[in-house]
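>>> generate a structure from the sequence data that follows.
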Amino acid sequence: MMMVVMMNDSKLNRLTQIKSFLSETEAVEFKKRSKKEAYGWIEETLGRFNYFILSKKEKGLIRRYLMKISGYSRAQLTRHINQYREEGQLRIKEYERHRFEKKYTNRDIQLLAKTAQLHDSPNGAALKKTLERMAREYGKEEYLNIANISVSHIYNLKKKVPYLRSVSFYQKTHKGKGKAIGVRCKPQPQGKPGYLRVDTMHQGDQEGQKGVYHINTVDEITQWQVIGATAKITEEYLLPLLEKIIASYPYRIINFHADNGSEYINRKVAEMLNTLLIKLTKSRPRHTNDNALIETKNGWVVRKWLGYSYIKREYAPRINDFYFGCFHEYLNFHRPCAFPREIIDRKGKIKKKYRYQDYMTPYEKLRSISDVQKYLKEGIGLEMLDKISKRYTDNEMAQKVQLARDRLFDKIVAA
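As a prediction, this is how the structure comes out:
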């Protein structure tokens with residue numbers, strides 16, 4: 001059991017009293033007090049006994065007494081006595097923490113969070129590319145510092161409190177799940193734009209009622225993407241939508257590649273494509289990667305932005321207003337994509353490598369193609385496309401899309 005006793009030693013004025021006190025309290029242990037109290041008491045004791053005019057033996061007695069009561073070691077006490085002799089007082093030295101200066105401020109982290117949320121949480125490389133474009137392409141000086149961040153460090157900052165406080169939610173991504181007229185073969189674009197991959201996505205059933213269908217198309221070379229929504233996947237609904245989608249591409253379409261779904265592999269679609277001089281091909285059996293690009297876009301674009309919940313098919317026209325109104329411009333001019341580089345290994349197998357320097361928007365990829373003008377449709381030029389790409393920054397366009405999506409879902413939920 002421990003008992004706490006408050007001691008007043010102001011009446012200990014003689015060295016004989018100190019000597020007697022030490023001998024009688026040899027078995028007693030004194031608890032260390034706060035620095036402020038200890039320093040004040042040491043100063044008062046040294047002054048009370050005129051420590052600096054005492055003999056060596058008497059000084060040793062006072063040292064033992066100070067060590068006993070204060071709890072300081074001999075070395076610590078020696079430093080305190082020397083300081084008292086030089087300065088006439090004991091100063092509490094303020095602790096200074098030495099650390100590296102923060103490279104990314106809370107403001108930078110907030111810009112990172114804002115950009116990530118506007119673009120619906122893209123992967124680290126795509127997010128870094130957007131930050132770089134905001135700083136260098138659109139001249140936004142506030143992004144200059146955060147644009148230098150590495151891809152891996154983006155994920156470190158996402159764990160920081162300023163980031164978590166700046167985002168309203170975090171949505172995990174989901175893997176896309178994969179699924180005759182037309183030729184069973186893999187298209188060979190050989191670097192030319194105009195080779196489309198096509199797939200259908202269903203927005204769920206509810207109480208026996210079918211939801212809306214999304215028709216997703218993406219160019220194999222440029223990753224230019226155009227999406228449409230339809231109430232049904234019958235010829236009456238699908239053919240006009242496919243014509244509108246194909247007409248939305250700024251360049252001529254050469255090939256139309258789908259899986260083996262009957263909505264595309266039928267006589268009416270084949271006739272429509274034949275009229276437009278577009279070749280129809282379909283996926284090969286036991287080649288699940290034939291349509292891998294479009295399956296990826298299903299998850300990373302359509303599901304990411306429209307979700308998995310049931311949407312009534314009556315809302316297909318409103319969804320198309322969203323797609324053709326602003327979403328396509330965002331996807332193709334303001335959203336960086338990963339473009340693989342094919343490498344042949346020692347065994348002769350082709351492997352795809354995704355390097356950060358190969359991230360770019362679909363329009364940047366289109367512009368990088370040599371003699372691109374010859375692929376563009378009549379009446380469409382690079383100057384016109386450049387104006388579209390420059391009229392909004394990436395974040396301004398993303399914010400516009402976010403607001404449009406919010407208005408769309410407000411109408412869907414209110415119904």
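>>> next helix or strand past the helix or strand bottoming out on mean pLDDT in the chain?
Scoring the helices and strands of the chain by mean pLDDT, DSSP states H and E places strand 183-184 at the bottom, with a mean of 64. Per DSSP states H and E, the first helix or strand lying C-terminal to strand 183-184 is strand 195-202.
>>> run me through the strand neighbours of that next one, direction for each.
If you go by DSSP bridges, strand 195-202 pairs up with strand 213-219 (antiparallel), strand 255-258 (parallel).
>>> pipe the ones you listed into a markdown table and attach mean pLDDT per row.
Compiled in a markdown table, the strands paired with strand 195-202 are given as follows (pLDDT from 0 to 100):
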| stretch | mean pLDDT |
| --- | --- |
| strand 213-219 | 93 |
| strand 255-258 | 85 |
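>>> could the ones you listed be laid out in TSV, adding distance to residue 145 and mean neighbour count?
Any C-beta I mention is one placed from the backbone N, CA and C, and that applies to glycine too. Formatted as TSV, the strands paired with strand 195-202 follow (distance: least, CB to CB, whole Å; neighbours: other CB atoms under 10 Å):
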stretch	distance to residue 145	mean neighbour count
strand 213-219	34	23
strand 255-258	44	24
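>>> closest to residue 369 out of those strands?
Smallest distance to residue 369 across the strands paired with strand 195-202 (CB to CB): 11.0 Å, for strand 213-219.
>>> next one: phi and psi at the closest residue to residue 43 other than its chain neighbours?
Nearest non-adjacent residue to residue 43, counting by CB to CB, 6 or more residues apart in numbering: residue 90, 5.7 Å away. The phi/psi pair for residue 90 (degrees, to the nearest 10) reads phi -100, psi 120.
>>> how close does residue 90 sit to residue 115?
Per CB to CB, to the nearest Å, residue 90 is found 53 Å from residue 115.
>>> what does stretch 70-83 rub up against?
The contact list for stretch 70-83 (CB atoms under 8 Å, 6 or more residues apart in numbering) reads 30-33, 38-39, 41-42, 46, 51, 63, 66-67, 89-91.
>>> please redo it, this time with the cut-off set to 10 Å
Stretch 70-83 is contacted from outside by 29-33, 37-39, 41-43, 45-46, 51-52, 59, 62-64, 66-67, 89-91, 93, using CB atoms under 10 Å, 6 or more residues apart in numbering.
>>> again with stretch 317-325
For stretch 317-325, contacts defined as CB under 10 Å, 6+ apart pick out 203, 212, 214-215, 226-231, 241, 244-245, 248, 302, 305-306, 311, 313, 315, 327-328, 331, 400-401, 404-405, 407-409, 411-412.
>>> how many neighbours does the spatially closest residue to residue 160 that is not a sequence neighbour have?
Among residues not flanking residue 160 along the chain, residue 109 sits closest, at 5.9 Å (CB to CB, 6+ apart). Residue 109 has 22 neighbours, counted by other CB atoms under 10 Å.
>>> quick check: buried residues in the one helix or strand residue 109 maps to?
Applying DSSP H and E as the criterion places residue 109 in helix 106-118. Neighbour-count burial for helix 106-118 flags 108-113, 115-118 (criterion: 16 or more other CB atoms under 10 Å).
>>> just stretch 48-65 next, same as before
Buried residues in stretch 48-65, defined by neighbour count with 16+ other CB under 10 Å: 49, 51, 58, 61-62, 65.
>>> go on, stretch 244-262?
Neighbour counts over stretch 244-262 (16+ other CB under 10 Å) mark 245-246, 248-259 as buried.
>>> would you point out the most distant pair within these?
Among the buried residues of stretch 244-262, 250 and 259 lie farthest apart (CB to CB), at 25.7 Å.
>>> thought residue 64 was touching residue 57?
No: the criterion here is CB atoms under 10 Å, and residue 64 misses it with residue 57 at 11.0 Å.
>>> in terms of helices and strands, where is residue 320?
helix 316-322.
>>> right, and the helix or strand after that helix?
helix 328-333.
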